[in-house]
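K.L.:
What would the 3D arrangement of this be:
(one chain, ligands or ions: 1)
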Amino acid sequence: MLKIANRVSSLKSSSIMEISAKAAQLKVQGHEVISLAAGEPDFNTPEAIQAAATVAMKEGITKYSPAPGFQVLREAVAKMVTHENGFPVEPEEVLITSGAKHGLYLALQCLVDPGEAVLIPTPAWVSYRPMIELAGASVIPLPLYEEDGYRPNVDRWKGMAIPPNAKGMIINSPNNPTGVVYSREELVKLTGWALQRNLWIISDEIYEKILYDNLTHTSVAALGPEAKKSTITISGFSKSYAMTGWRLGWSIAEKSFVSKMAALQSQSNSHVTSFVQWAALTACNLDPTIGAAMVSEFDNRRKYCMERLDKLSNYLTYTRPTGAFYIFINLSKWLVPHKMSDLDFCKELLDREYVGVVPGSSFGKENSIRISYATSIDNLKKAFDRIEAYLKRG
Ligand SMILES: Cc1ncc(COP(=O)(O)O)c(C=O)c1O
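P.N.:
I've put the predicted structure just below:
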């Protein structure tokens, strides 16, 4: 038998991907499953981007590319971010990565030494912890509270002893799983708190273009030169351009750090698929009305979900989301009297009602669930009918 290395012995696959896989399996068995688990737009990639990939293949963009990405694409991302995010970016500060996820992985491998710790406002996205642990470090959750609408409130952490091995913090706005968008003032306070403690910051901005209620996005690196120097900005095309399967993202940091991430990329996956990078040039210059139409449809769905949830206030509470496509629901009112964990709830909901949702404990917050509304209103209606029936049945 092959002996598994200690480094990965306790590593598990992504719980969200597992739930999505189980939902897909039940579907194959003939059940009408509705999955509100996966965090991906149900739209197909805009046609102009698809066409650009086909043309690139025909024109022979099928060979290796430079490890950090094609220079023209690094230039295009630098230009787009400088223009849209309000901080100056040079092409050499950009690394093209296989999705935001691999950017996060590379960044953490290049930043974190064994024995160190990383602070994460929690609830938080499921993959941060395993990536940090793979680098031999540990996670210190910084609790976010439902009473604060899961907004960062540095006063809450006043009494917390932050150990000297804490080296960095991950900020994620718009947030997965809560859908909360941090205001500029909140980000100023949060970033100031981190910089005072000499922490580096990874700012995961993958949902930056999915905003509602006329909100605008603030990048941590746009808060000033000090913030920019200490920050690695992570983002990509997956969510805003309906390109989850293309595996296409970018990381922005100071040049010497980007070259180290590029060296690690060159020794692992080499680079992002060449014709996919070529199509990204079209994505960078896409007619903004295409993205806006997707956001507007997400907004309709968000409002529909909130209407349905408002009618279930005897059983749950939730935080009003203003970005991404998730709602984080506190089910304590129902789960505690039923002596049921959020994980068991999710398992039963899938097995009995064929509705897939993700347990809050996967994000570090028990007695909660996360739903994704990146699916049609028709599906959302069916899913809520079943959830409602299940809760009312008791
Ligand atoms: C907060 C967060 N960061 C990063 C990612 C990864 O994005 P990508 O698909 O571009 O790798 C996700 C995907 O679900 C996410 O929710």
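K.L.:
If we ignore the residues flanking it in sequence, what's nearest whatever residue of the stretch 251-394 of the chain ends up closest to the ligand?
P.N.:
Nearest residue of the stretch 251-394 of the chain to the ligand (C-beta to the nearest ligand atom) works out as Ala324 at 7.5 Å. Quick note: C-beta positions are derived from backbone N, CA and C, even for glycine. Among residues not flanking Ala324 along the chain, Tyr207 sits closest, at 4.1 Å (C-beta to C-beta, 6 or more residues apart in numbering).
K.L.:
Please enumerate the strands of the protein.
P.N.:
Assigned by DSSP state E, the strands in the chain fall at 34-35, 94-97, 117-122, 138-143, 166-172, 200-204, 231-236, 249-252, 317-318, 326-330, 355-356, 358-359, 368-372.
K.L.:
quick one, which of the ones you listed is nearest to Cys346?
P.N.:
strand 358-359 (4.7 Å; C-beta to C-beta).
K.L.:
Just the C-alphas of stretch 385-392, formatted as CSV.
P.N.:
Only the C-alpha atoms of stretch 385-392 are listed here, as CSV (Å, rounded to 0.1, in the frame of the first residue of the first chain):
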residue,chain,number,x,y,z
ASP,A,385,-41.0,24.9,-1.2
ARG,A,386,-39.2,21.7,-0.1
ILE,A,387,-37.1,23.5,2.6
GLU,A,388,-40.3,25.1,4.0
ALA,A,389,-42.2,21.8,4.0
TYR,A,390,-39.3,20.1,5.8
LEU,A,391,-39.0,22.8,8.4
LYS,A,392,-42.7,22.9,9.0
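K.L.:
List the buried residues for it?
P.N.:
Arg386, Ile387, Tyr390, Leu391 (16 or more other C-beta atoms under 10 Å).
K.L.:
how far away is Leu215 from Gly323?
P.N.:
To Gly323, Leu215 is 7 Å away according to C-beta to C-beta, to the nearest Å.
K.L.:
Excluding chain neighbours, give the residue nearest to Phe384 in space.
P.N.:
Arg308 (4.3 Å).
K.L.:
Thought Leu391 was touching the one you found, still the case?
P.N.:
No: Arg308 is beyond contact range of Leu391, at 11.4 Å (criterion: C-beta atoms under 8 Å).
K.L.:
Using the record's assignment, carve the chain into domains.
P.N.:
Structurally, the chain divides into domains by automatic domain parsing as follows: 6-44+289-393, 63-286.
K.L.:
closest to Ala53 out of these?
P.N.:
Ala53 sits nearest to domain 63-286 of all these, at 3.9 Å, using C-beta to C-beta.
K.L.:
Whichever residue of the stretch 1-150 of the chain sits closest to the ligand - how many residues pack around it?
P.N.:
As assessed by C-beta to the nearest ligand atom, the ligand sits closest to Gly99 within the stretch 1-150 of the chain, at 2.6 Å. Residues lying near Gly99 (other C-beta atoms under 10 Å) number 22.
K.L.:
for the closest residue to Met17 other than its chain neighbours, what are its contacts?
P.N.:
Counting by C-beta to C-beta, 6+ apart, Met17 lies nearest to Ala38, which is 7.9 Å off, once chain neighbours are set aside. Ala38 sits next to Ile16, Met17, Ser20, Ser372, Ala374 when contact means C-beta atoms under 8 Å, 6 or more residues apart in numbering.
K.L.:
Need the winner for burial among the domains of the chain.
P.N.:
domain 63-286 (a mean of 20; mean count of other C-beta atoms under 10 Å).
K.L.:
State the mean pLDDT of that one.
P.N.:
Mean per-residue pLDDT for domain 63-286: 97.
K.L.:
chain center to that domain: distance?
P.N.:
10 Å (C-alpha atoms, centre = their mean, to the nearest Å).
K.L.:
Which pLDDT value belongs to the residue of the stretch 251-394 of the chain closest to the ligand?
P.N.:
We have a pLDDT of 98 for Ala324.
K.L.:
Need phi/psi at it.
P.N.:
Ala324 has phi and psi values of phi 60, psi -150 when expressed as degrees, to the nearest 10.
K.L.:
Please verify my assumption that it contacts Ser173.
P.N.:
No: if you go by C-beta under 8 Å, Ala324 and Ser173 don't touch, sitting 9.3 Å apart.
K.L.:
picking up where we left off before, would you mind saying which of the strands of the chain lies nearest Ile4?
P.N.:
strand 138-143 (20.8 Å).
K.L.:
I would like the residues contacting that closest one, please.
P.N.:
116-122, 124, 128-129, 132-133, 152, 156-157, 160, 162-163, 166, 169, 364.
K.L.:
again, only this time at 7 Å
P.N.:
Ala117, Val118, Leu119, Ile120, Pro121, Thr122, Arg129, Ile132, Arg156, Trp157, Ala166, Gly364 (C-beta atoms under 7 Å, 6 or more residues apart in numbering).
K.L.:
Could you check how far Ala51 is from Pro288?
P.N.:
Between Ala51 and Pro288 the computed distance is 18 Å (C-beta to C-beta).
K.L.:
Tell me how far the closest residue to Lys311 other than its chain neighbours lies from Ile371.
P.N.:
The shortest distance from Lys311 to any non-neighbouring residue, by C-beta to C-beta, 6+ apart, is to Glu388 (7.8 Å). Using C-beta to C-beta, Glu388 is found at 13 Å from Ile371.
K.L.:
Give the full set of residues in contact with Arg302.
P.N.:
Arg302 makes contacts with Tyr212, Pro321, Tyr373, as judged by C-beta under 7 Å, 6+ apart.
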